[in-house]
Every structure is written in structure tokens, then in C-alpha cells.
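Asks: Model the structure of this input:
(one chain, ligands or ions: 1)
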Amino acid sequence: MRRSARLFYSIFPKRVTLEPKIIQLLSDVYPTLDFKRIYFFNGMPWFMKHAFAVGITLPGTYNLSGINIYLDGCNQRSTEGLGLIVHELFHGLQYKELHGGYGIGFMRSFLVFYLTEYFILLKQNLKDHRFFNASKFAYDCHPMEMPAYQHEFEFKQRYEALGLEGMLANLPKTCVADQAGYQFQHSRLMLVPGTVITISFMLIKPIIELLLLLFVPVLWVFELPFNLFSKAKNES
Ligand SMILES: [Zn+2]
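Replies: This next block holds a predicted model:
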């Protein structure tokens, strides 16, 4: 893919439609989720390009209610692929339980609580570990990640054994999650840094995206002679 196209799709990754049967199964797994508000994309957003993550659930940048799930090349019928979707949708449930998942662009309660929990754990772990390991431990012990991984694990085990049709015919009760049940256990004052960062994201992200978007035609023009040359070479 050309650099200009790559840049464009890292700002606006391509939408992915899940198969009707997969949507049906996911609606059985998460009966309280509104799937009309959840959008799936192929590829990670530009600021996650070099992160280790293969999936992430983020608020819509330009709306008040959308929840975007970005997946890095996942096969929706495979155990791993569908397990990843189930994991990310568990975060969707957490979004819903924190002020309905509503907000302005990136400013959603989920992000504030998620970042706050991460910073608390990071600070604790930095006493004994270097930053990379402390950050990894903070992620592994994160109270919003642990139940998501637990649910993913439970789902994958059953899906592996029963397959898609078996799960649709008789979904094990342990695979159904109608609530995430997350509770914030610290002082509300600790939410201040997470709130400031989330508001900054909400304000800065659209500006950076506009600037990146302006680069797309610039790159396209620079690529033009090269593209014409390679086209002529292929035709000859
Ligand atoms: Zn997660």
C-alpha cells in the first residue's frame, strides 16, 4: 500500500462488518450491550501502531456515544480472533456501566477510570521494577483487565470445544456476561490526573488528526512520479 494510503488508514482505519452469526453469538454473550453503538475496525489507530496490543476499545473521537473496537488483523471465526473480540466487548460493557459510555469524543468515564487504575498500579510497581516491567505488571493486574481476560479465557475454552454452531444452539451460562461489575476502590481525588489526561486527549487528538490528514495529499503528490514510473514499467 502507498504511504499516503497507509497514513490515511492509520487515521481512519477501515470498518469491519462481523458475520451475522458472529453478531448473534456476541449478542447472546453480552445481552445488555447495544451493538448499534459499537463499531469494529481493521487495524490499530495511528498512536498505537508500535504498541504491543492487538486490540483496543476506544471512544469515538467525533461523537458522543460510539465505542470503537480496533483489531489488528483478526480472524473473527478463529478461537483467538473471536476471543479477542469477546475481550474487547467486555470493555464495552465497562464503558456502558460508567455513565452509559456517553461523553464528548474521548472524554468518557471509562478512560478516566482506566488510566487512574493504571497510574495507581504503575506507581506501586515502580518502587521495585524498571518502567517497562512496572508498566506490564500494571496492565496484568489492572482491575478492568483481569475480569476481561477471565471472561475471554472462559469463552475460548467453550468455543474451542463446542464450535460456533454448538455455542449458538446452547450457550453455556458461564459465557454470558450481563454486567462487568467494576467498582472504583480508591479516593475520588485520585481521578484528577486521569481526568486531565483524558480531557487533553479529547482536545488534542482531533487537532493532530487534522494535521496528519493534511499530509496525505502532500505524500500523494510526492509519490505521483514514482507511481507513474512503476505503472509504465509494468505495462512495458
Ligand atoms: Zn483489555
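
Asks: Going by C-alpha atoms from here, please, whenever you check contacts or count neighbours.
Replies: Fine.

Asks: count of neighbours near Gln24?
Replies: Burial of Gln24 is recorded as 14 neighbouring residues (other Cα atoms under 10 Å).

Asks: How much space separates it from Val176?
Replies: To Val176, Gln24 is 13 Å away according to Cα to Cα, to the nearest Å.

Asks: same deal with Leu211?
Replies: 43 Å.

Asks: Looking at the two, which is more packed in?
Replies: Using other Cα under 10 Å as the criterion, Leu211 and Val176 rank with Val176 on top: 17 against 10.

Asks: so who does the more buried one touch?
Replies: Contact analysis of Val176 by Cα atoms under 8 Å, 6 or more residues apart in numbering lists 28-31.

Asks: what's the longest helix in the chain?
Replies: Criterion DSSP state H: the longest helix present in the chain is helix 191-235.

Asks: taking the mean pLDDT, what do you get for that helix?
Replies: Helix 191-235 carries an average pLDDT of 90.

Asks: which helices and strands does it pack with?
Replies: Identification of packing neighbours for helix 191-235 by 3 or more Cα pairs under 8 Å, 6 or more residues apart in numbering; DSSP states H and E yields helix 3-11, strand 107-108, helix 109-126.

Asks: Just want the angle from that helix to helix 109-126.
Replies: Counting by axes from the mean of the first three to the mean of the last three Cα atoms, to 10 degrees, helix 191-235 lies at 100 degrees to helix 109-126.

Asks: next one: phi and psi at the closest residue to Thr57 other than its chain neighbours?
Replies: Ranked by Cα to Cα, 6 or more residues apart in numbering and with sequence neighbours excluded, the top spatial neighbour of Thr57 is Ile69, at 4.4 Å. Dihedral pair for Ile69: phi -110, psi 120, per degrees, to the nearest 10.

Asks: can you pull the pLDDT of Ile69?
Replies: pLDDT, read off for Ile69, is 97.

Asks: list the contacts for it?
Replies: Contacts of Ile69 by Cα under 8 Å, 6+ apart are 38-41, 55-58, 88-89.

Asks: Please repeat the previous calculation with a cut-off of 7 Å.
Replies: Taking Cα atoms under 7 Å, 6 or more residues apart in numbering, we find Ile69 in contact with 39-41, 56-58, 88.

Asks: ok, and the most crowded of those?
Replies: Neighbour max across the contacts of Ile69 (other Cα under 10 Å) = Glu88, 24 neighbours.

Asks: Distance check, it against Leu126.
Replies: 27 Å.

Asks: One more: Tyr70?
Replies: 29 Å.

Asks: Please say which of the two ends up with more neighbours.
Replies: Tyr70 (26 against 16).

Asks: what's the distance between Leu64 and Gly103?
Replies: Distance of Leu64 to Gly103, given as Cα to Cα: 5 Å.

Asks: again, but for Leu203
Replies: 13 Å.

Asks: just Gly163 next, same as before
Replies: In terms of Cα to Cα, Gly163 sits 37 Å off from Gly103.

Asks: And the pLDDT for the closest residue to Gly60 other than its chain neighbours?
Replies: Excluding the flanking residues, the one nearest Gly60 by Cα to Cα, 6+ apart is Gly66, at 5.0 Å. Note on Gly66: pLDDT of 96.

Asks: Contact partners for Gly66?
Replies: 37-38, 59-60.

Asks: Go through those residues and give me the one with the most neighbours.
Replies: Neighbour counts for these peak at Pro59, which has 26 neighbours (criterion: other Cα under 10 Å).
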